[in-house]
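Q: sequence and computational prediction follow.
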Amino acid sequence: MYNEKEIIEGCKKQNRKAQKMLYERYSSKFLGICMRYAKDRQEAEDILQDAFLKIFERIDQFNYSGAFEGWMRRIIVNTAISNYRKNLKHYHHYDIDEIKEYEEDINTEELEFTLEEMLKVIQSLSPGYRMVFNLYAIEGYAHKEIAEMLGIDIATSKSQYSRARKIIQYRLSIIRQERKNKVTA
């Protein structure tokens, strides 16, 4: 088994075996990241493939000054953002009016949701809400950075994040209620 540095060096030489090893080592982890940004698995797989092509094209730029996985993760996230921008005209935007304003505080510590349930709820967000939610809550970007990346106002980033949280809370409360109903049925 090759170590990470040997795989990187092989990829820099465009060695197909090294590229395959890199893909196999990280693809499932990065698919999970892509799934959070995509509307479905097919779109996530497309983002992943595009991102790995970019990784292979730019691997000469990696200079070992930071974590390789972090370097690749930035490419994955930036590819997801590019995919969002490219498809922006095809997305249908939904207003929060589809859901009543949901202000009730939920004690998330007592809720337990499966990864599939959480992913389904995140994927159900409109593309703009999903993008801002992922970038802020999961990737840790500031609203100013998100606004610059997506070409929106800071206030828009903040409001989309707030609305995304409310939608997620609302949809998780539905799952919670459905579970309670199954237990009492």
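A: Cool, the structure landed.
Q: and the pLDDT for the closest residue to Asp153 other than its chain neighbours?
A: Spatial nearest neighbour of Asp153, excluding adjacent residues (C-beta to C-beta, 6 or more residues apart in numbering): Ala147 at 6.0 Å. All C-beta atoms are positioned from the backbone trio N, CA, C, and that covers glycine. Ala147 is assigned 93 on the pLDDT scale.
Q: now do the same contact list for Ala147.
A: Counting by C-beta atoms under 8 Å, 6 or more residues apart in numbering, Ala147 touches 153-154, 156-157.
Q: try it again with 10 Å
A: Neighbouring residues of Ala147 by C-beta atoms under 10 Å, 6 or more residues apart in numbering: 132, 141, 153-158.
Q: for those, which one is nearest Ser124?
A: Nearest to Ser124, judged by C-beta to C-beta, of the contacts of Ala147 is Val132 at 14.8 Å.
Q: now for whichever strand or helix holds the closest one, which elements pack on it?
A: In this assignment (DSSP states H and E), Val132 forms part of helix 127-133. Secondary-structure packing of helix 127-133 (3 or more C-beta pairs under 10 Å, 6 or more residues apart in numbering; DSSP states H and E): helix 16-37, helix 68-87, helix 115-123, helix 143-150, helix 154-184.
Q: mind exporting the first one as CSV, just the C-alpha atoms?
A: In this case it means helix 16-37. Listed in CSV are the C-alpha atoms of helix 16-37, where the atom choice follows Å, rounded to 0.1, in the frame of the first residue of the first chain:
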residue,chain,number,x,y,z
ARG,A,16,-3.2,6.3,-13.8
LYS,A,17,-2.7,3.8,-10.9
ALA,A,18,-1.9,6.6,-8.5
GLN,A,19,-4.9,8.6,-9.7
LYS,A,20,-7.1,5.5,-9.1
MET,A,21,-5.7,5.0,-5.7
LEU,A,22,-6.4,8.6,-4.8
TYR,A,23,-9.9,8.4,-6.1
GLU,A,24,-10.6,5.2,-4.2
ARG,A,25,-9.1,6.6,-1.0
TYR,A,26,-11.2,9.8,-0.9
SER,A,27,-14.2,9.4,-3.2
SER,A,28,-16.7,8.1,-0.7
LYS,A,29,-15.8,10.8,1.8
PHE,A,30,-16.0,13.5,-0.8
LEU,A,31,-19.2,12.1,-2.2
GLY,A,32,-20.8,12.8,1.2
ILE,A,33,-19.7,16.5,0.9
CYS,A,34,-21.1,16.7,-2.6
MET,A,35,-24.4,15.1,-1.5
ARG,A,36,-25.0,18.1,0.8
TYR,A,37,-24.7,20.5,-2.0
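Q: domain map for this structure?
A: The chain breaks down by automatic domain parsing into domains covering 4-90, 96-184.
Q: pLDDT below threshold where in this structure?
A: In the predicted model of the chain, residues 1, 89-111, 185 satisfy pLDDT under 70.
Q: sorry, back to before: any chance of the helices and strands packed on helix 127-133 in CSV, plus distance to Gln61?
A: Listed next are these as CSV, based on distance: least, C-beta to C-beta, whole Å:
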stretch, distance to Gln61
helix 16-37, 15
helix 68-87, 9
helix 115-123, 31
helix 143-150, 20
helix 154-184, 28
